[in-house]
Structure formats: C-alpha cells, structure tokens
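A.B. asks: Sequence plus the predicted model coming up.
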Amino acid sequence: MGESNTTLKGQAALVTGSSSGIGAAIARKLAQCGASVCVNFYSGPDRANDVVRSIVAEGGQAFAVRANVADESEVRQLFEQCAARFGRLDIVVANAGIQRDAALADMTLDQWRTVIDVNLTGYFLAAREAVRYFSRQRVDPSVSRAAGKLIFISSVHELIPWAGHANYAASKGGIMQLTKSIAQEVAPQRIRVNAIAPGAIKTHINRSAWEQQDAADRLLQLIPYNRIGEPDDVAEAAAWLASDAADYVVGTTLFVDGGMALYPGFATGG
C-alpha cells in the first residue's frame, strides 16, 4: 500500500456513496492508510467494484455493498454486513448526497423531500447505527484512541447561501448542527464526530462547472487560492480526521475549499 503519515492499520471503515467522486477518493485513501473498507453504493455497481479492485490491487481489503442510505432497514443491513465482514467498525464516513436544483417557486415537494431524505435523514441513519456500534466497542489504544470516528461530508453551503438550491443548502446547514449536537452527546463515550465542508471539487457530477475554460474561469473567481479542488484534497482531510493525529478534534467542521468560504467578493473592500 502507499506510504502515509496517517496510519489506520487494523481499523475498519464504511464510506457511504463511495462508488465515485469524493467518496471513492476517501475509500481509497483510508485503505492506503491501512483500513479495511466497505464501499457503499446505490446505483452503478460496476463503479463500486472498480473502487474495490483498485484497493485490492494495492494490497488493501475492501468489498462493496448496495444500500439506499435513506432507507432505515437497508442502512441497518449495510452496517451488519460491514461489521460481520471485518469483525469491527472504527470509521464511518457519511458522504452520499444528491442535488435536485430548482428556484424556490418552482421546487416540487418531491425535489425537497428527496434531497432532505438522502442528504440529512441519510446522515442521521448512518450516525445512529455508527454510534450504536461504536458504543459497544472497547477502546483499544493499539488500534485507535477513540471508540469510533464519525465524519460527515458537508459543503461550504452549510455556511454560504445558495440561491436556486434551497433544499441542498438547507440539508448542509442541518448537517452542521447534526455534527455538533451528536458530538456533544457522544464525546464522553470516546466517540469523535466531525465534518468536512468541501468547496468546488472536480468530480464527474459537476463537470460542466470546470471542464470548459470559461466555466472554470468563472468558478476560480470564487476561490482565493486560485485552483479547483481535487477529490484527494478531501480524502486527505478525512484520513487525518479519522486518525489518532486528530484525536483531540471533536465537533468541528474542517473547510477544504481553497478559501471559498472567505467571501472573496469582499476582497477589495466590499
């Protein structure tokens, strides 16, 4: 496996929505750091199996499980399969998310509910199962100083309003308080809960925003660091948060956004 300063040897991880994009990068990075990984997907089994094959090819352990993260029984079965396969569960990354964009006046109830169901209720369901597993797990300092690590993949839009995307922004704002509230509740059990808020990241789903030069130039105006992020930028942050190097980091959101949340429109004095 690839060398890393962040060791997760002997640990088992579950990453929801990890057949592509940010989730796939996180799954690969956790495996490179030594964790066994459960790759969750809802559609596109071929892509999920490609992620598994890439991990195994580098000497890691992984397998893929289909589950709808918004379905309570499927989430429960997902966790059961992961725990049964690896015998433990140390890291859960809630990453699965969708967009159903529309102006508010045109947004359907189905568009609202679908986004909230996946992006917020799905995170609640994953968090609840994770906490149930972690709370039964004895802390073994030779493996991890925590009983478990839960990481939510949020967005800069937990902070930055987004016209035309009220459902998505509301779901991410909810994740911010979900992160903090759960962290406050379970920290005494040595369970660490944190979030990562990515900014503009090059993934297949948002290709139209960066593939053409004029689109990329417009996007770069929103990024003080003057580059569009890569999935590995988020994956590196997730691996760090999951490791003992971040053992005293509890209940925070780490922005991985090249400065997008700094309101660059005010850089010249507003």
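C.D. replies: Yep, that arrived. Numbering: from 1, shown residues only.

A.B. asks: And the strands in the stretch 1-150 of the chain?
C.D. replies: Using DSSP state E, counting those that start in this stretch, the strands found in the stretch 1-150 of the chain span residues 12-15, 36-41, 62-66, 91-94, 148-153.

A.B. asks: thought A102 was touching L109?
C.D. replies: No - assessed by C-beta atoms under 8 Å, A102 is found out of contact with L109, at 11.2 Å. Bear in mind the C-beta positions are built from the backbone N, C-alpha and C, glycine included.

A.B. asks: Looking at those two, which has the bigger crowd around it?
C.D. replies: A102 (15 against 7; other C-beta atoms under 10 Å).

A.B. asks: residues contacting the more buried one?
C.D. replies: A102 makes contact with T108, Q111, G164 under the criterion C-beta atoms under 8 Å, 6 or more residues apart in numbering.

A.B. asks: hmm, try it at 10 Å
C.D. replies: Going by C-beta atoms under 10 Å, 6 or more residues apart in numbering, A102 touches T108, Q111, W112, G164, H165, A166, N167.

A.B. asks: now the longest helix along the chain and strand 148-153, what's the angle there?
C.D. replies: Looking across the chain with DSSP state H, the single longest helix is helix 166-186. Angle, helix 166-186 to strand 148-153, by axes from the mean of the first three to the mean of the last three C-alpha atoms, to 10 degrees: 160 degrees.

A.B. asks: for the closest residue to K180 other than its chain neighbours, helix, strand, or coil?
C.D. replies: Nearest residue to K180, sequence neighbours excluded (C-beta to C-beta, 6 or more residues apart in numbering): G251, at 5.1 Å. Three-state assignment for G251 (DSSP: H, G, I helix; E, B strand; the rest coil): coil.

A.B. asks: who touches the residue nearest to Q11 when sequence neighbours are not counted in this structure?
C.D. replies: Nearest residue to Q11, sequence neighbours excluded (C-beta to C-beta, 6+ apart): D90, at 3.9 Å. Applying C-beta under 10 Å, 6+ apart, we find D90 in contact with 8, 10-14, 30, 35-36, 130, 133-134, 137, 140, 143-144, 146-149, 242.

A.B. asks: And the contacts of A102, which is closest to L120?
C.D. replies: N167 (9.8 Å; C-beta to C-beta).

A.B. asks: quick one: contacts for that closest one?
C.D. replies: The contact partners of N167, by C-beta under 10 Å, 6+ apart, come to 98-102, 104, 107-108, 111-116, 119-120.

A.B. asks: hmm, back to that, now that we have the contacts of A102, which of them are buried?
C.D. replies: Q111, W112, H165, A166, N167 (16 or more other C-beta atoms under 10 Å).

A.B. asks: Relative to E72, how far out is the residue nearest to the second one when sequence neighbours are not counted?
C.D. replies: For W112, the nearest residue in space outside its immediate sequence neighbours is N167; the separation is 4.9 Å by C-beta to C-beta, 6+ apart. Taking C-beta to C-beta, to the nearest Å as the criterion, N167 is separated from E72 by 21 Å.

A.B. asks: go on, E185?
C.D. replies: 20 Å.
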